[in-house]
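Visitor: my questions are about this predicted structure, shown below with the sequence.
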Amino acid sequence: MKFVSFCSIVALSLFLTGCGSSNETADENAAAGGNKTVGDDGLILEGQVVAQVNGEEITIHELNVEIARLNIPVDADRRPIEENVLRSIVSRKVFEQQAKAAGLDRSPEVLLDLRRTRSALLAQAYIRSRSNERPVVSRREADQYVLDNPDFFANRTYYIFDSIVVPSSSLPEELKDEYEAVGNLNDIESDLLAKDTQHQRRPYTIYSETLPAAMREKMPELQRDRTVFFLVQGANTFITQFQESRPAVLAGEEAIDAALSVLRNQKAREFLTSIELDAINSADIKYLGDFTSLGEQPSNLLENKIQDEIKDTVNSTDIDQ
């Protein structure tokens with residue numbers, strides 16, 4: 001989520017209101033109720049109403065907030081975007097009014113959703129309010145990270161694998177043992193075809209820094225023996241075989257930039273976890289009923305993350321900029 005400053009809101013407000021004469025602007029102000037602030041140049045400086053839906057006003061500030069979330073390129077033609085966003089706000093407002101007229105705003109399900117949304121927004125606002133406390137990553141730290149992680153930089157490798165994806169339910173342990181002994185994906189695929197087993201041949205590539213540590217340790221063996229191995233992902237299993245590897249060294253400024261990015265993300269996660277821990281430790285939390293045992297295992301909250309809303313904030317907040 002990008003955060004727009006007060007100055008940029010004012011600038012956009014002036015841009016949107018800068019067309020038309022002073023008389024036209026004054027007329028618009030009068031039509032909106034005559035209670036808006038007008039500057040010496042005839043521009044409405046704050047609270048400008050850009051639309052009304054059954055008498056309910058939509059202001060320039062509401063429009064600015066919506067537009068700020070779009071990350072519009074500097075050289076883009078803003079006017080069509082602003083018009084489309086305003087139309088969307090109007091449509092949403094119409095639906096909101098229709099929902100209220102139908103009494104849906106009093107529905108228990110809707111009330112719970114509103115409570116959840118309000119809670120999430122306040123949690124996000126609190127995290128943003130502390131974003132200025134986030135740690136800064138230094139060039140020295142990035143240099144050391146590059147030296148300490150040669151697999152990610154000096155020895156970085158581009159791996160090419162071939163695989164056959166099959167439903168895990170179609171691959172019992174005895175069949176895995178059989179295919180591991182065969183050791184050739186073409187022969188394994190022929191067997192799957194003969195058995196009319198659903199499958200898909202899918203080559204893929206990956207860099208060494210994205211490999212799990214356990215798999216990086218096995219790579220010399222996989223490269224030497226070309227044995228097949230099995231990776232479970234959801235309801236599917238990848239019958240995988242190493243094909244080839246190529247050097248993909250990261251050095252110089254490219255390595256430093258990559259290290260800075262990794263460390264910023266890492267420190268951002270640590271920072272947000274510390275905020276969460278501080279909040280939990282300062283609160284009087286009691287688990288009741290079937291969840292009483294959670295009170296004896298507070299670490300579980302941090303390991304699993306307490307709320308999806310907090311995760312969303314980690315992903316959407318520019319905490320590493």
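Guide: Sure thing, it's come through.
Visitor: tell me if residue 158 really is in a strand.
Guide: Yes - assessed with DSSP: H, G, I helix; E, B strand; the rest coil, residue 158 lies in a strand.
Visitor: how many neighbours does it have?
Guide: Close neighbours of residue 158, defined as other C-beta atoms under 10 Å, add up to 13. Just so you know, the C-beta spots here come from the backbone N, C-alpha and C atoms, and that holds for glycine as well.
Visitor: measure the nearest residue to it once chain neighbours are set aside to residue 106 for me?
Guide: Leaving aside its chain neighbours, residue 158 sits nearest to residue 248 (4.1 Å; criterion: C-beta to C-beta, 6 or more residues apart in numbering). Note on residue 248: its distance to residue 106, by C-beta to C-beta, to the nearest Å, is 59 Å.
Visitor: between these two, which is the more surrounded one?
Guide: Relative neighbour count places residue 248 above the other of residue 248 and residue 106, with 13 against 9, counting by other C-beta under 10 Å.
Visitor: just to check, the more buried one is in contact with residue 159?
Guide: No - the pair residue 248 and residue 159 does not pass the contact test of C-beta atoms under 8 Å, sitting 9.2 Å apart.
Visitor: can you tell me what sits against stretch 144-153?
Guide: 154, 157, 208-209, 216, 249-251, 255-256, 258-259, 262-263 (C-beta atoms under 8 Å, 6 or more residues apart in numbering).
Visitor: actually stretch 93-104, not the one I wrote
Guide: 53-54, 56, 58, 105, 110.
Visitor: buried ones in that stretch?
Guide: Buried residues in stretch 93-104, counted by 16 or more other C-beta atoms under 10 Å: residue 93.
Visitor: what average pLDDT does it get?
Guide: On average, the pLDDT along stretch 93-104 is 96.
Visitor: got the CA positions of it in PDB?
Guide: The C-alpha coordinates for stretch 93-104 follow below in PDB (Å, rounded to 0.1, in the frame of the first residue of the first chain):
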ATOM      1  CA  LYS A  93     -21.900   4.000  -3.100                       C
ATOM      2  CA  VAL A  94     -25.000   3.100  -5.000                       C
ATOM      3  CA  PHE A  95     -24.700  -0.500  -3.900                       C
ATOM      4  CA  GLU A  96     -23.900   0.500  -0.300                       C
ATOM      5  CA  GLN A  97     -27.100   2.600  -0.200                       C
ATOM      6  CA  GLN A  98     -29.100  -0.300  -1.700                       C
ATOM      7  CA  ALA A  99     -27.700  -2.600   0.900                       C
ATOM      8  CA  LYS A 100     -28.600  -0.300   3.700                       C
ATOM      9  CA  ALA A 101     -32.100   0.100   2.300                       C
ATOM     10  CA  ALA A 102     -32.500  -3.700   2.300                       C
ATOM     11  CA  GLY A 103     -31.300  -3.800   5.900                       C
ATOM     12  CA  LEU A 104     -28.200  -5.700   5.200                       C
END
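Visitor: chain center to that stretch: distance?
Guide: Offset of stretch 93-104 from its chain centre (C-alpha atoms, centre = their mean, to the nearest Å): 30 Å.
Visitor: and for stretch 74-91?
Guide: Counting by C-alpha atoms, centre = their mean, stretch 74-91 is centred 24 Å from the centre of its parent chain.
Visitor: how about residues contacting it?
Guide: 15-16, 50-51, 53, 58, 62-63, 66-67, 70, 72.
Visitor: which members of those residues define the maximum pairwise distance?
Guide: Farthest apart among the contacts of stretch 74-91 by C-beta to C-beta are 53 and 72. That separation is 24.4 Å.
Visitor: please flag which of the contacts of stretch 74-91 sit within strands.
Guide: Among the contacts of stretch 74-91, the ones falling in strands (DSSP state E) are 50-51, 53, 58.
Visitor: let's see if you can find the most crowded of those.
Guide: Result: residue 50 is most packed of these (other C-beta under 10 Å), 22 neighbours.
Visitor: figure out how far whichever helix or strand residue 269 is part of is from the centre of its chain.
Guide: According to DSSP states H and E, residue 269 maps onto helix 252-282. Computed by C-alpha atoms, centre = their mean, the chain-centroid distance of helix 252-282 equals 15 Å.
Visitor: now swap in stretch 195-208 and tell me
Guide: Worked out by C-alpha atoms, centre = their mean, stretch 195-208 lies 27 Å from the chain centre.
Visitor: got the CA coordinates for it in CSV?
Guide: Output of stretch 195-208 as CSV, limited to C-alpha atoms (Å, rounded to 0.1, in the frame of the first residue of the first chain):
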residue,chain,number,x,y,z
LYS,A,195,-1.2,-47.2,-16.9
ASP,A,196,-3.3,-44.3,-18.2
THR,A,197,-2.2,-42.2,-15.1
GLN,A,198,-2.9,-38.5,-15.2
HIS,A,199,0.4,-36.6,-15.5
GLN,A,200,2.1,-33.7,-17.1
ARG,A,201,5.7,-33.2,-18.2
ARG,A,202,7.0,-29.9,-16.9
PRO,A,203,10.7,-28.8,-17.1
TYR,A,204,11.6,-25.9,-14.7
THR,A,205,14.6,-23.8,-13.7
ILE,A,206,15.7,-22.4,-10.4
TYR,A,207,18.5,-20.3,-9.0
SER,A,208,20.6,-21.7,-6.1
